[in-house]
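Asker: A predicted structure for the sequence below; I have some questions about it.
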Amino acid sequence: MGNHIYYYRKDRKNRKHYFIRQAPGIVKQTPATKRAAADFGAASKSSSLLRKALHQYTRFCYDNSLHFRLNTKMGEILRADVNHPSGQRTLIAANIQFLRYFQFNSTASIQQLLKSKPAIEKSDTGDISISFPGTFNHSSHALRNTTHIAIKAIGLSVNFARGTTRQQESNTAVIKRGEKHTPVTLTMNMNSKDITLILLEVQSFYEVNGQLHLSQNRQGHALDVMAVFPPVEKPVELKRKYRNKAPRLWVPSATPVGGTLMIIPVNANSLPEG
């Protein structure tokens, strides 16, 4: 408003504190500063795209540092582009692998809650399976007062250039603590032309009178990027061009008496056999 900038910051207890500062009259930027600002803007835009796409999941394990941490990570990925100069860098699919194992909740991870590393496989048709062993070690202090955990996989296809996302969820496995269970396999299909992030979500519940209630302890919730798959390139169908490649021959016609010689073109395929 005018030459004043109003903003707020949240403290560790998620309370908002409002501030006001005066906007500078003249902003002096060197060429290097402008290039750095362009890269920072591209990284911040991609970070915002991911946060908005996963908002329905991060609200259960809100982390005040997520904005800063994800901006920093996307900045590292952007600077890994060595094919473009500063200020014109882009997010290359191969560099998005740096997002693997990123924790949207810094206070808990999949490894901490499950003490198990899943096996992730993808078929040629885009079918993705995430398999877990038959036992989990619930030694985490955060799970001390919980009775169940829910495990779900989330596939997020992202097109950073267009600013679009598409997500899909797998089946959800609910496991009771202390009970033996068969190996867990989560499946979904993500046959996408865009970069695909595979995330795992773990939520903790406690049972009261036969009803499951979501735990409010952030340490009992995790949302991690477990794998990054490159875009699926569909094969290009080459249309064959059919044409007669037989050589053209010139055969003289019968010369009439007192007439002139006429030359007519004849295709080799029209000549009689022998």
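Answerer: All right, it came through fine. Residues are numbered from 1 along each chain as shown.

Asker: contacts, neighbours, all on C-alpha from now
Answerer: Will do.

Asker: The nearest residue to N145 once chain neighbours are set aside pairs with what?
Answerer: The shortest distance from N145 to any non-neighbouring residue, by CA to CA, 6 or more residues apart in numbering, is to Y206 (7.1 Å). Counting by DSSP bridges, Y206 is bridged to H213.

Asker: Quick check: Y206 touching S215?
Answerer: Yes: with contact defined as CA atoms under 8 Å, Y206 counts as touching S215 (6.6 Å).

Asker: Mutual contacts of these two, please.
Answerer: T146 (CA atoms under 8 Å, 6 or more residues apart in numbering).

Asker: In terms of neighbours, single out the busier of the two.
Answerer: Neighbour count, other CA atoms under 10 Å: between Y206 and S215, S215 has more, with 22 against 17.

Asker: ok, the closest residue in space to that one that isn't next to it in sequence - how many residues close by?
Answerer: Nearest residue to S215 in three dimensions, chain neighbours excluded: F205, at 5.1 Å (CA to CA, 6+ apart). F205: 24 surrounding residues under other CA under 10 Å.

Asker: I figured F205 was touching H148, is that so?
Answerer: Yes: in terms of CA under 8 Å, F205 counts as a neighbour of H148; the distance is 5.1 Å.

Asker: pLDDT-wise, which helix or strand of the protein ranks last?
Answerer: strand 263-267 (a mean of 55; mean pLDDT, DSSP states H and E).

Asker: Tell me the spacing between P85 and F102.
Answerer: 27 Å (CA to CA, to the nearest Å).

Asker: more crowded one of the two?
Answerer: F102 (18 against 11).

Asker: Hmm, the more buried one is touching D224, no?
Answerer: Yes: in this structure, F102 is within contact of D224 by CA under 8 Å, at 5.6 Å.

Asker: show me where the stretch 101-250 of the chain has strands.
Answerer: Using DSSP state E, counting those that start in this stretch, the strands of the stretch 101-250 of the chain run over residues 119-122, 127-131, 148-159, 164-169, 173-176, 185-189, 195-208, 211-214, 222-229, 248-252.

Asker: CSV for those strands, including distance to N64 and mean pLDDT?
Answerer: Shown next, in CSV, are these (distance: least, CA to CA, whole Å; pLDDT from 0 to 100):
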stretch, distance to N64, mean pLDDT
strand 119-122, 30, 90
strand 127-131, 29, 90
strand 148-159, 22, 93
strand 164-169, 23, 93
strand 173-176, 28, 88
strand 185-189, 30, 89
strand 195-208, 19, 93
strand 211-214, 21, 91
strand 222-229, 15, 94
strand 248-252, 79, 59
